[in-house]
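S.K.: structure of the sequence below:
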Amino acid sequence: SPTLAGLMARPVIERRLMEIGERLRGLRADLAVADEQLAHFTDEADNARVRALVSETALADREHRGADRHARAMERHCADVAAEIARLESNQDDLLDRLTAGGRDG
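M.R.: I've put the predicted structure just below:
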């Protein structure tokens, strides 16, 4: 027979799974946008690097450093979002395991 904790947890687990699913959809959309922005910032940084090499001016070098900073910041943001997605997917897997284990008890 199912445990009391298992009976009480099922609605909580189902609600949590729905919340995680919604959060994952939002994060995946955010990551898609961030990936596009990262590609843009990376291209911009590469172009600024070439301009800095060709012109050898302080202004071009400063522009390159600024563009590179933006690209690295966006890269970190993408990594953070991807890590949060992985964490939530792991939580989702754990909750699904608990849900199916509870179903086997009854």
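
S.K.: tell me who's in contact with the residue nearest the centre of the chain.
M.R.: Per CA atoms, centre = their mean, the C-alpha nearest to the average position across the chain is that of residue 81, at 2.0 Å. By CB atoms under 8 Å, 6 or more residues apart in numbering, the contact set of residue 81 is 27, 30-31, 34. C-beta coordinates here come from the backbone N, C-alpha and C atoms, glycine included.

S.K.: 10 Å instead, please
M.R.: Residue 81 makes contact with 27-28, 30-35 under the criterion CB atoms under 10 Å, 6 or more residues apart in numbering.

S.K.: in helices, which of these fall?
M.R.: The members of the contacts of residue 81 that map onto helices under DSSP state H are 27-28, 30-35.

S.K.: where does the prediction get shaky in this structure?
M.R.: 1-8, 103-106 (pLDDT under 70).

S.K.: rerun that using 80 as the cut-off
M.R.: Applying pLDDT under 80 to the chain flags the ranges 1-8, 102-106.

S.K.: circling back to that earlier point, just the buried members of the contacts of residue 81?
M.R.: Neighbour counting with 16 or more other CB atoms under 10 Å marks 27, 31, 34 as buried within the contacts of residue 81.

S.K.: CA atoms only for stretch 20-35 - export them in PDB, please.
M.R.: Only the C-alpha atoms of stretch 20-35 are listed here, as PDB (Å, rounded to 0.1, in the frame of the first residue of the first chain):
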ATOM      1  CA  ILE A  20       9.400  23.300 -13.500                       C
ATOM      2  CA  GLY A  21       8.000  22.700 -17.000                       C
ATOM      3  CA  GLU A  22       6.900  26.300 -17.300                       C
ATOM      4  CA  ARG A  23      10.200  27.600 -16.000                       C
ATOM      5  CA  LEU A  24      12.100  25.300 -18.400                       C
ATOM      6  CA  ARG A  25      10.100  26.600 -21.400                       C
ATOM      7  CA  GLY A  26      10.900  30.200 -20.300                       C
ATOM      8  CA  LEU A  27      14.600  29.500 -19.800                       C
ATOM      9  CA  ARG A  28      14.900  27.700 -23.100                       C
ATOM     10  CA  ALA A  29      13.400  30.700 -24.900                       C
ATOM     11  CA  ASP A  30      15.700  33.000 -23.000                       C
ATOM     12  CA  LEU A  31      18.700  30.800 -23.900                       C
ATOM     13  CA  ALA A  32      17.700  30.900 -27.600                       C
ATOM     14  CA  VAL A  33      17.700  34.700 -27.600                       C
ATOM     15  CA  ALA A  34      20.900  34.900 -25.500                       C
ATOM     16  CA  ASP A  35      22.600  32.500 -28.000                       C
END
